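**Student:** need a structure here:
(one chain, ligands or ions: 1)
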Amino acid sequence: MTLGTATERDARPGFGRLRLDGVTRRFGKATALSGFDLLIEGGEFIALLGPSGCGKSTALNCLAGLLPLSGGAIWLDEERIDTLPPERRGFGMVFQNYALFPHLSVRRNVAFGLSVRRVGKAETARRVDEALRTVELTEHAGRLPGQLSGGQQQRVAIARAIVLRPRLVLMDEPLSNLDAKLRVQMRTEIRRIHQDLGLTTVYVTHDQEEALALADRVVVLRSGRIEQIGTPEDVYTHPAGTYIAGFMGYRNLLELPVLSSGDGTVRLGGESGLTLTGRSRQPIGGPRAVAAVRPEDFQVAGSPDTATAENLVRVRVEVAEFHGREVAAEAVTDGGRVIHFRTPERVAPGERVALTVPPERVLVFGESVREAARALDRPAAEALGETGARDGG
Ligand SMILES: Nc1ncnc2c1ncn2[C@@H]1O[C@H](COP(=O)(O)OP(=O)(O)OP(=O)(O)O)[C@@H](O)[C@H]1O
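**Tutor:** You can find the predicted model right below:
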């Protein structure tokens, strides 16, 4: 990627801070976004993350000016901008369906916004060349969009946005039409373009891995409200509740009676032959709590008859999927709880194994898994379905 030329450096943030202040959007009686507060520093990469229908696109469209607010305000430094039409906000947008002009060459697609703004010929040529270099499409400048791959078309869409030197780039699931391999490649490119140009970016995705890989800060949304804001490290290591834990790969959400708790250490158990010690950041008040464990944090400790260790979980393997270095297994405890674990050991269906997990890798939340499952599309709902079905609730 050839970057850092003088003109592209000129594109660095045209503002210090962008502030969303209680932004609310209703559709009839339904509230799609409620009291959304967020402070974005110039140059930051923010990901809005959450399942379908949580309000991500609504937030982005409110920022872009495509949707009027039902309440709240948006400030760019000292200027209130939520009353401005989209074209006066100076933001660039990249959508999931690239929305390129099929009859115009790559070069003319990228130049289009500049011609609308009556930028001179020489200046247009220079900026288009630069933008095409940035997204590595110089060689394809003469082609039509239909002659490009999906990833290349998405790069044209990005070039078209950055050529206008926007103050902020808004991206709505830009990679979701690409196949898995291309998605990962484009993700790296988007991050690199962001780093090199220093463009402030707000990026909508339902893919937790994408959000963590790209963003400086992740905003997790749930039913139109912000559930957690933090660095990728923060939300990954310290999810604020089972909802986010489920999203962050804690596929095992085990609701159990509380045996004891104090000083951040909680012992759960007495059901389904499971006893687990874990850590909690909040005091646990209720009689039951949820232990959240990632599949990769379980280790195979040996045979169930001889193994001794803290947090020993005896299971029978039901399904083993080959994932190259690892096997991803679904197993069940004697009491019927489903446990997902990953291991480099070659375990096979029918085999009985003892698993163990260090207490610091067991996060305990004082809430019900049902509550988390209601708002979540897959992981918690799955866990609930499975424990519910086999455990009788
Ligand atoms: N034009 C509209 N009229 C009525 N309801 C709407 C409209 N647009 C969005 N909604 C509702 O607002 C809520 C939030 O929608 P939004 O599109 O922001 O969600 P999202 O998180 O972006 O979902 P997805 O990932 O599926 O695009 C949803 O319940 C949706 O049905």
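**Student:** who does whichever strand or helix holds residue 354 touch, helix- and strand-wise?
**Tutor:** If you go by DSSP states H and E, residue 354 is part of strand 352-356. Under the contact criterion of 3 or more Cβ pairs under 8 Å, 6 or more residues apart in numbering; DSSP states H and E, strand 352-356 touches strand 299-302, strand 312-323. Yep, even glycine has a C-beta here, placed from its N, CA and C like the rest.
**Student:** And the average pLDDT for the last one is what?
**Tutor:** Put plainly, it is strand 312-323. Mean pLDDT, strand 312-323: 94.
**Student:** now the first one
**Tutor:** What strand 299-302 shows for mean pLDDT is 88.
**Student:** Which strands or helices does that strand pack on?
**Tutor:** Using 3+ Cβ pairs under 8 Å, 6+ apart as the contact test, the elements touching strand 299-302 are strand 338-343, strand 352-356.
**Student:** would you put the C-alpha positions of the strand holding residue 354 in PDB?
**Tutor:** In PDB, the C-alpha atoms belonging to strand 352-356 read as follows (Å, rounded to 0.1, in the frame of the first residue of the first chain):
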ATOM      1  CA  ARG A 352     -14.900 -40.200  28.300                       C
ATOM      2  CA  VAL A 353     -12.500 -37.400  29.400                       C
ATOM      3  CA  ALA A 354     -11.900 -35.100  32.300                       C
ATOM      4  CA  LEU A 355     -11.600 -31.400  31.500                       C
ATOM      5  CA  THR A 356     -10.300 -28.700  33.700                       C
END
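**Student:** Would you tell me which of the helices and strands packed on strand 352-356 gets closest to the ligand?
**Tutor:** strand 312-323 (27.3 Å; Cβ to the nearest ligand atom).
**Student:** could you show me where the helices are in the stretch 201-350 of the chain, in order?
**Tutor:** For the stretch 201-350 of the chain, the helices defined by DSSP state H, counting those that start in this stretch cover 208-214, 232-237, 242-247.
**Student:** Of those, flag the one that's most buried.
**Tutor:** When the helices of the stretch 201-350 of the chain are scored by mean count of other Cβ atoms under 10 Å, the highest mean neighbour count falls to helix 242-247 (a mean of 28).
**Student:** one step back: point out the most buried one among the helices and strands packed on strand 352-356.
**Tutor:** The highest mean neighbour count among the helices and strands packed on strand 352-356, using mean count of other Cβ under 10 Å, belongs to strand 299-302: a mean of 18.
**Student:** any chance of the helices of the stretch 201-350 of the chain in a markdown table, plus distance to the ligand and mean pLDDT?
**Tutor:** Listed next are the helices of the stretch 201-350 of the chain as a markdown table, based on distance: least, Cβ to the nearest ligand atom, whole Å; pLDDT from 0 to 100:
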| stretch | distance to the ligand | mean pLDDT |
| --- | --- | --- |
| helix 208-214 | 13 | 94 |
| helix 232-237 | 17 | 94 |
| helix 242-247 | 13 | 88 |
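**Student:** For the ligand, find the nearest of the helices and strands packed on strand 299-302.
**Tutor:** Across the helices and strands packed on strand 299-302, the ligand has its closest neighbour in strand 338-343 (25.1 Å, Cβ to the nearest ligand atom).
**Student:** Around the ligand, pick out the residues from this protein.
**Tutor:** Proximity of the chain to the ligand, by Cβ under 6 Å from any ligand atom, involves residues 27, 30, 32, 50, 52, 53, 54, 55, 56, 57, 58, 206.
**Student:** picking up where we left off before, may I see the helices and strands packed on strand 352-356 organised as TSV, with distance to residue 46 added?
**Tutor:** Output for the helices and strands packed on strand 352-356, formatted as TSV (distance: least, Cβ to Cβ, whole Å):
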stretch	distance to residue 46
strand 299-302	36
strand 312-323	32
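**Student:** quick revisit: can I get the helices and strands packed on strand 299-302 in JSON lines with mean neighbour count?
**Tutor:** Below are the helices and strands packed on strand 299-302 laid out as JSON lines (neighbours: other Cβ atoms under 10 Å):
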{"stretch": "strand 338-343", "mean neighbour count": "22"}
{"stretch": "strand 352-356", "mean neighbour count": "20"}
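**Student:** okay, these in TSV with mean pLDDT next?
**Tutor:** As requested, those are exported to TSV (pLDDT from 0 to 100):
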stretch	mean pLDDT
strand 338-343	96
strand 352-356	94
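**Student:** of those strands, which approaches residue 148 most closely?
**Tutor:** strand 338-343 (37.6 Å; Cβ to Cβ).
**Student:** on that earlier part again, from the residues of the chain next to the ligand, which shows the smallest pLDDT?
**Tutor:** Scoring these by pLDDT puts residue 52 last, at 87.
**Student:** mind checking the SS state of it?
**Tutor:** coil (DSSP: H, G, I helix; E, B strand; the rest coil).
**Student:** isn't it right up against residue 206?
**Tutor:** Yes - with contacts counted by Cβ atoms under 8 Å, residue 52 reaches residue 206, the gap being 6.2 Å.
**Student:** Between these two, which is the more surrounded one?
**Tutor:** Shown here are residue 52 and residue 206; by other Cβ atoms under 10 Å, residue 206 has more neighbours (19 against 8).
**Student:** Would you mind listing the residues in contact with the more buried one?
**Tutor:** 49, 50, 51, 52, 56, 173 (Cβ atoms under 8 Å, 6 or more residues apart in numbering).
**Student:** what's the spacing between residue 357 and residue 254?
**Tutor:** Residue 357 is 11 Å from residue 254, where distance means Cβ to Cβ, to the nearest Å.
**Student:** Mind listing the shared neighbours of these two?
**Tutor:** Residues touching both residue 357 and residue 254 by Cβ under 8 Å, 6+ apart: 276, 293.
**Student:** Got the domain ranges for this structure?
**Tutor:** Following the assignment in automatic domain parsing, the chain carries domains at 6-237, 249-387.
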